[in-house]
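[1] sequence unknown, structure follows:
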C-alpha cells in the first residue's frame, strides 16, 4: 500500500490515469446528454431578429420596509 504518489509503482500510476480518463469520459457524456435540444441548424441568413422594446427606468429609494 502506497501512501504517497511519489513512491507509487507503475501499476498504481496506471490505475490513477485510467480512473481519471473514465471519469472525464463520463462527465463529457453526461454534459452532451444533458444539453437542451437547441436548434443549431440556423445560419447567419436565417437568424431571427429580436427588437428592443420600450426603455425601462429602475430606481431604488434606498429605504428598507419593516413589516
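    Great, that's in hand. Worth saying up front: this structure is predicted, and the values here are computed from it rather than measured.
[2] please point out which parts of stretch 7-15 sit buried.
    By 16 or more other Cβ atoms under 10 Å, stretch 7-15 has no buried positions at all. Where you see a C-beta, it was placed from the backbone N, CA and C, and this is true even at glycine.
[3] could you measure from residue 25 over to residue 50?
    Using Cβ to Cβ, to the nearest Å, one gets 38 Å for the distance from residue 25 to residue 50.
[4] of these two, which one has the most company?
    Taking neighbours as other Cβ atoms under 10 Å, residue 25 and residue 50 compare with residue 25 leading, 10 against 6.
[5] quick check: which element contains the more buried one?
    Using DSSP states H and E, residue 25 maps to helix 10-34.
[6] could you list the low-pLDDT ranges of this structure?
    The model of the chain has pLDDT under 70 over residues 1-2, 36-47, 61-67.
[7] please redo it, this time with the cut-off set to 80
    For the chain, residues meeting the criterion pLDDT under 80 lie at 1-6, 35-50, 56-67.
[8] residue 11 and residue 33, how far apart?
    From residue 11 across to residue 33, the span is 33 Å (Cβ to Cβ).
[9] residue 54 too?
    Counting by Cβ to Cβ, the gap from residue 54 to residue 33 is 41 Å.
[10] looking at the two, which one has more neighbours?
    Using other Cβ under 10 Å, the more surrounded residue of residue 54 and residue 33 is residue 33, with 7 against 4.
[11] identify the residues contacting that one.
    Not one residue lies near residue 33 by Cβ atoms under 8 Å, 6 or more residues apart in numbering.
[12] from residue 59, how far off is it?
    45 Å.
[13] list phi and psi for residue 9.
    Note on residue 9: backbone dihedrals following degrees, to the nearest 10 are phi -90, psi -180.
[14] please report how far it lies from residue 16.
    Distance of residue 9 to residue 16, given as Cβ to Cβ: 11 Å.
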